[in-house]
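> Just to be clear, the model below is a prediction. Sequence and coordinates:
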Amino acid sequence: MADPHDKKADPPVQRLLPFFPVVFVLLWSTGFIGARYAMPYAEPFTFLSLRYALALAILGTLVVAMRAPWPGRWPAMHAMIAGSLIHGVYLGGVFFAVRHGLNAGIAALIVGLQPILTTILAASFLGERVRPRHIMGLGLGLLGVALVILPKLDGDGAYGVLTLGPVFLSAIAISVGSVWQKRFVGGVDLRTGTALQYLGAFVPTLILAMTVETMAVTWSGELVFALAWLTIVLSIGAVFLLLFLIREGAVSSVASLMYLVPGVTAVTAWLLFGETLTAIQLAGLVLAGVGVAAATRGGRARAISKSV
């Protein structure tokens with residue numbers, strides 16, 4: 001694939017470029033809302049198997065039509081491993097938690113710590129430098145998460161292992177997957193690499209669906225809309241928007257806005273589903289956002305996952 005910086009956008013598109021990172025972040029936040037829409041009508045691994053299969057069909061067609069180069073055996077394997085973490089475990093955990101009652105805004109908040117976790121893991125495995133602002137950001141982020149979830153650890157509707165465990169696993173998985181992607185998959189064409197990632201996510205997710213779920217699907221307008229939106233708009237559209245931003249050198253703008261995702265998700269979930277947060281939970285949401293913003297602003301973009 002040609003260097004993403006070789007060709008810049010036409011002048012009219014260039015004038016709109018400052019708005020594209022905002023569009024990407026808004027699209028990213030709708031992934032959690034999509035989970036909330038879909039989960040009443042299909043089990044999590046069954047739904048994700050459908051999503052990955054549809055994304056694979058679309059991406060496979062594009063790869064063939066564009067004659068994108070395929071990697072060798074080992075890079076392909078590493079791309080699939082990264083995909084199983086970035087898409088399979090990450091989305092599987094989020095959808096499982098939402099299915100079992102986790103607030104969409106809280107899910108977005110917990111996995112929103114991913115940029116900081118990725119930076120710390122990259123320091124351990126890639127030799128990258130951890131700065132004081134990263135440690136401070138992680139501390140503020142964890143404190144914010146604690147303020148949000150502590151009121152829901154007892155009483156009616158309390159969160160348990162089935163709600164919080166999977167989403168914390170999601171945050172770890174996407175962070176490890178991002179480092180794996182950077183370490184082993186950096187030279188793979190982005191189009192074929194993305195297709196291989198979805199293949200790596202599809203196979204274990206389908207196996208899980210066949211072994212632990214009934215695979216029953218209640219087809220409804222909400223489910224079809226969620227499947228189409230999450231696959232075409234996020235898994236395909238948002239990925240190619242990210243590739244465009246990489247080409248235009250605007251990824252750092254996306255990274256600096258990612259801290260807004262939990263807040264945008266929480267507001268959207270309140271508007272659409274009536275999900276509410278207490279005053280102390282809202283304070284935690286803001287505190288966690290400050291932590292992620294402090295860790296990401298002023299530095300070059302880390303691995304921004306394409307698992308939307």
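Okay, I see it.

> Identify the residues contacting L153.
L153 sits next to Y159 when contact means CB atoms under 8 Å, 6 or more residues apart in numbering. Glycine gets a C-beta too; all of them are placed from N, C-alpha and C.

> err, V63, not the other one
R191, T192, A195.

> Just to check, the second one is in contact with P71?
Yes. The criterion here is CB atoms under 8 Å, and T192 meets it with P71 at 6.5 Å.

> Identify the contacts common to these two.
Listed as contacting both T192 and P71 by CB under 8 Å, 6+ apart are A79.

> and these two? which has more neighbours close in?
Per other CB atoms under 10 Å, whichever of T192 and P71 has more neighbours is T192, with 22 against 17.

> and the residue nearest to the more buried one when sequence neighbours are not counted, what does it touch?
Once flanking residues are discounted, T192 sits nearest to A68: 4.9 Å by CB to CB, 6 or more residues apart in numbering. Contact partners of A68, counting by CB under 8 Å, 6+ apart, are M1, L62, D189, R191, T192.

> can you rerun that using 6 Å?
D189, R191, T192 (CB atoms under 6 Å, 6 or more residues apart in numbering).

> now swap in P69 and tell me
Counting by CB under 6 Å, 6+ apart, the residues that P69 touches are D189.

> What does it show for phi and psi?
Dihedral pair for P69: phi -70, psi 140, per degrees, to the nearest 10.

> pLDDT value on it, please?
At P69, the model reports a pLDDT of 93.

> following the lowest-mean-pLDDT helix or strand in the chain, which helix or strand comes up?
Lowest by mean pLDDT, DSSP states H and E among the helices and strands of the chain is helix 251-257, with a mean of 60. Using DSSP states H and E, the helix or strand that follows helix 251-257 in sequence is helix 261-273.

> What helices and strands are in contact with that next one?
For helix 261-273, the elements it packs on are helix 20-38, helix 104-111, judged by 3 or more CB pairs under 6 Å, 6 or more residues apart in numbering; DSSP states H and E.

> Which one of these lies nearest to F125?
helix 104-111 (20.2 Å; CB to CB).

> who's in contact with the closest one?
32, 36, 94, 97-98, 145, 148, 167, 170-171, 261-262, 265-266, 269, 288.

> got it, and stretch 88-102?
By CB under 6 Å, 6+ apart, stretch 88-102 touches 35-36, 39, 44, 48, 107, 162-163, 166-167, 169-170, 173-174, 201, 204-205, 307.

> I figured I33 hits T268, correct?
Yes. With contact defined as CB atoms under 6 Å, I33 and T268 form a contacting pair (5.3 Å).

> Angles on the backbone of the residue nearest to T192, please.
phi -70, psi 140.

> go on, V217?
Torsion angles, degrees, to the nearest 10, at V217: phi -130, psi 130.

> what about the residue lying closest to it once chain neighbours are set aside, neighbour count?
Nearest non-adjacent residue to V217, counting by CB to CB, 6+ apart: A42, 4.7 Å away. A42 has 26 neighbouring residues, counting by other CB under 10 Å.

> next one: G165
15.

> how far away is it from Y159?
Distance, G165 to Y159, by CB to CB, to the nearest Å: 10 Å.

> now swap in Q181 and tell me
Using CB to CB, one obtains 30 Å as the distance from Q181 to Y159.

> Comparing these two, which residue is more hemmed in?
Comparing Q181 with Y159 by other CB under 10 Å, the one with more neighbours is Q181, at 24 against 21.

> Dump the contacts of A68 to CSV, plus pLDDT and distance to L85.
Output for those, formatted as CSV (pLDDT from 0 to 100; distance: CB to CB, whole Å):
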residue, pLDDT, distance to L85
D189, 87, 20
R191, 87, 20
T192, 92, 18
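
> Tell me which entries of those residues lie within strands.
With strands taken from DSSP state E, there is no overlap with those.

> of all the residues you listed, which comes closest to F273?
R191 (35.3 Å).

> can you give me the helices for the stretch 201-308 of the chain?
Listed in chain order, the helices of the stretch 201-308 of the chain (DSSP state H, counting those that start in this stretch) span 221-228, 239-247, 251-257, 261-273, 279-296.

> about what we covered before: and among the helices and strands packed on helix 261-273, the most buried is which?
helix 104-111 (a mean of 28; mean count of other CB atoms under 10 Å).

> Helix 20-38 and that one, what's the angle between them?
120 degrees (axes from the mean of the first three to the mean of the last three CA atoms, to 10 degrees).

> Give the next helix or strand downstream of helix 104-111.
Going down the chain from helix 104-111, the next helix or strand is helix 114-125, by DSSP H and E.

> If we go by neighbour counts, what in that following helix is buried?
Q114, P115, I116, L117, T118, T119, I120, L121, A122 (16 or more other CB atoms under 10 Å).

> Now do the same contact list for the last one.
It stands for A122. E128, V179.
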